[in-house]
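Engineer: quick check, what structure comes out for this input:
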Amino acid sequence: MIKPMLKKLSLVSSLTVSIFLCLIHSAIAADRVYLDISAPEIRKINIAVPSFQNKSLNDQKQNLGKEIADIVGQALQFHGIIAIIPTEKYGENQSADWKKLGADYTILGQYSLSADILKLEMRLQDVAGDEIVMGKTFSGSMDQKNQMLFKFCDSVIEALTGKPGIAATQIAFVNRDNTVKEVFLTDILGKSLRQVTRHKHLVVSPRFVPGGTFLSYTSYHSGNQNLYITDLRQDKTTQALSRRKGLNLAPSWSADGETMILTLSKDGNPDLYLLDKKGEIIEQLTNHSGINVSPAWSPDGSTVVFVSDRTGKPQLFVLDMRTRNVRRLTFEGTENAEPSWSPTESLIVYSSLRDGVYQLFTVNPQTGASPKQLTHDMSNHEAPSWSPDGNQIIFAKRDGNKQTIYGIMKNGSFERKLFNFPGSQTYPQWSR
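Structural biologist: Below is the predicted model:
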């Protein structure tokens, strides 16, 4: 069983965040050209992150400063658009010749530690323009160190792209240890791990409610496949949302968190139902036309993609929530399943069985264009989920006799293993 590596981190009122540098003149801000993170061929931004300095310590006692810089570098590199210049090239020197090293930007930081209160001062500097683009200071406990660094990294990404980064987001997943499956949460680097369920049974399909405060999941521990929801701000209270006989499976929450679409089999056939946030049925959306599962809302809530075997094998279908008309979306592949709709555009990622292997594909449900294949190796790629900024996808990939969580950019680049947790990890879901 995985044991939490760090206790739950949460910002408290003692944490103060303030901007200490805002040196971009309005004319410069207006003229800034942001990096197009979605461009298919893009040169990564070279950033140097030397060790943060504590002026009250000598050079031999700067271990914390190096750890802080390493975390910042890892979190920025996670976004797929940044290359971190190895510190070996400049010896951790904050006054190196950055232009000669090929750096586009540097992140220079200082820290101080007093009575377990960590103070961080960080700035992003444009090397070519020799100007400070953005700077912030944070103050909090040592337990909040990573959260403060992740928030700064998200501000750096926003300064470069015009949109906030995803460093401070969370990823939920199901971990299998022998015959037991439980839900866990982690940060993007796998440094903070938290166990959410302790049913000592089978748990599947964790789903964040928009806002990231609540998490729903399906558990078999009571003998039926029931739907539960838990408040992530505490560790004890779990509420049953649907305990109808049969399946209560894998809800897709609306953008406002007020409604969800859930698979129920209370009348025998697995069908899609629209429910309110308390679990009360509003409307039945499909009616005994094959098995209907895995719904996912479009960003504007006008359309839902789902999986049905009404035509024989599992395929993707789209449901117009205004007219209730249904049309088939996919026609290629032996099976197509587990769709996830991008939160930022009309693009769906799904798992498709091709030549005996599940690969990831994306498709635009509006244009009629052919699906695009993202993965190609001979491992199974399953249960994809979009990042909140719509630029990346996480999924479960089979490594030998177990599954682990991988990430990939939406154009198919930068595929990599994200975590090295014990056990087998499935059903990854990104917070919204």
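Engineer: pLDDT weak spots in this protein?
Structural biologist: Low-confidence regions of the chain, defined by pLDDT under 70, span residues 1-41, 58-61.
Engineer: give me that answer again for 80
Structural biologist: The model of the chain has pLDDT under 80 over residues 1-42, 58-62, 235-237, 399-400.
Engineer: center of it - which residue?
Structural biologist: residue 430 (3.3 Å; CA atoms, centre = their mean).
Engineer: how about that residue, phi and psi?
Structural biologist: Here is the backbone geometry of residue 430 (degrees, to the nearest 10): phi -90, psi 140.
Engineer: would you agree it is in contact with residue 394?
Structural biologist: Yes. Proximity of residue 430 to residue 394 meets the contact threshold set by CB atoms under 8 Å, at 6.1 Å. Where you see a C-beta, it was placed from the backbone N, CA and C, and this is true even at glycine.
Engineer: who does the residue nearest to the centre of the chain bridge with?
Structural biologist: Applying DSSP bridges to residue 430 gives these bridge partners: residue 171.
Engineer: what's near enough to touch it?
Structural biologist: Neighbouring residues of residue 430 by CB atoms under 8 Å, 6 or more residues apart in numbering: 166, 169, 170, 171, 208, 385, 386, 387, 388, 394.
Engineer: if we go to 6 Å?
Structural biologist: 171, 385, 387 (CB atoms under 6 Å, 6 or more residues apart in numbering).
Engineer: swap in residue 174?
Structural biologist: 181, 183, 203, 426, 427.
Engineer: repeat for residue 259
Structural biologist: residue 276.
Engineer: now do residue 213 against residue 239, distance only.
Structural biologist: 13 Å (CB to CB, to the nearest Å).
Engineer: ok, residue 302 next?
Structural biologist: From residue 302 to residue 239 the distance is 30 Å (CB to CB).
Engineer: next one: residue 377
Structural biologist: As judged by CB to CB, residue 377 and residue 239 stand 41 Å apart.
Engineer: looking at these two, which is more packed in?
Structural biologist: residue 239 (13 against 10; other CB atoms under 10 Å).
Engineer: what about residue 283, how many residues close to it?
Structural biologist: Quick note: residue 283 (other CB under 10 Å) scores 11 neighbours.
Engineer: relative to residue 290, how far out is it?
Structural biologist: The gap separating residue 283 from residue 290 is 19 Å, by CB to CB.
Engineer: also residue 413?
Structural biologist: 36 Å.
Engineer: same question for residue 281.
Structural biologist: 20 Å.
Engineer: one more: residue 300?
Structural biologist: Residue 300 is 27 Å from residue 290, by CB to CB.
Engineer: of the two, who's got more company?
Structural biologist: residue 290 (18 against 9).
Engineer: show me where the stretch 1-150 of the chain has its helices.
Structural biologist: 26-31, 63-77, 145-161 (DSSP state H, counting those that start in this stretch).
Engineer: in JSON lines, list the ones you listed along with distance to residue 274 and mean neighbour count.
Structural biologist: As requested, these are exported to JSON lines (distance: least, CB to CB, whole Å; neighbours: other CB atoms under 10 Å):
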{"stretch": "helix 26-31", "distance to residue 274": "44", "mean neighbour count": "9"}
{"stretch": "helix 63-77", "distance to residue 274": "38", "mean neighbour count": "20"}
{"stretch": "helix 145-161", "distance to residue 274": "34", "mean neighbour count": "23"}
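Engineer: distance to residue 272 for these - can I get that in JSON lines?
Structural biologist: Supplementary listing: the helices of the stretch 1-150 of the chain in JSON lines, determined by distance: least, CB to CB, whole Å:
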{"stretch": "helix 26-31", "distance to residue 272": "46"}
{"stretch": "helix 63-77", "distance to residue 272": "38"}
{"stretch": "helix 145-161", "distance to residue 272": "35"}
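Engineer: out of those helices, which is closest to residue 104?
Structural biologist: helix 145-161 (9.3 Å; CB to CB).
Engineer: now do that closest one and helix 63-77, the angle between them.
Structural biologist: Calculated by axes from the mean of the first three to the mean of the last three CA atoms, to 10 degrees, helix 145-161 forms an angle of 40 degrees with helix 63-77.
Engineer: begin at 14 from here
Structural biologist: Fine by me, first position is 14 from now on; the one you just mentioned is helix 158-174.
Engineer: helix 158-174 - contacts with which helices or strands?
Structural biologist: Helices and strands touching helix 158-174, as assessed by 3 or more CB pairs under 6 Å, 6 or more residues apart in numbering; DSSP states H and E, comprise helix 76-90, strand 130-139, strand 144-154.
Engineer: could I get these as a markdown table with distance to residue 238?
Structural biologist: Shown next, in a markdown table, are these (distance: least, CB to CB, whole Å):
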| stretch | distance to residue 238 |
| --- | --- |
| helix 76-90 | 37 |
| strand 130-139 | 45 |
| strand 144-154 | 41 |
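Engineer: nearest to residue 434, of these?
Structural biologist: Nearest to residue 434, of all the helices and strands packed on helix 158-174, is helix 76-90, at 16.5 Å by CB to CB.
Engineer: which helix or strand contains residue 237?
Structural biologist: Using DSSP states H and E, residue 237 sits in no helix or strand.
Engineer: and it, how far is that from residue 251?
Structural biologist: Taken as CB to CB, the span from residue 237 to residue 251 is 15 Å.
Engineer: those two: which is more packed in?
Structural biologist: The neighbour count for residue 237 versus residue 251, taken as other CB under 10 Å, is higher for residue 251 (17 against 14).
Engineer: now the nearest residue to that one once chain neighbours are set aside: which helix or strand?
Structural biologist: What sits nearest to residue 251 in space, not counting adjacent residues and going by CB to CB, 6 or more residues apart in numbering, is residue 243, at 4.6 Å. Assigned by DSSP H and E, residue 243 belongs to strand 239-244.
Engineer: how about that strand: buried residues?
Structural biologist: In terms of neighbour count (16 or more other CB atoms under 10 Å), strand 239-244 has its buried residues at 239, 240, 241, 242, 243.
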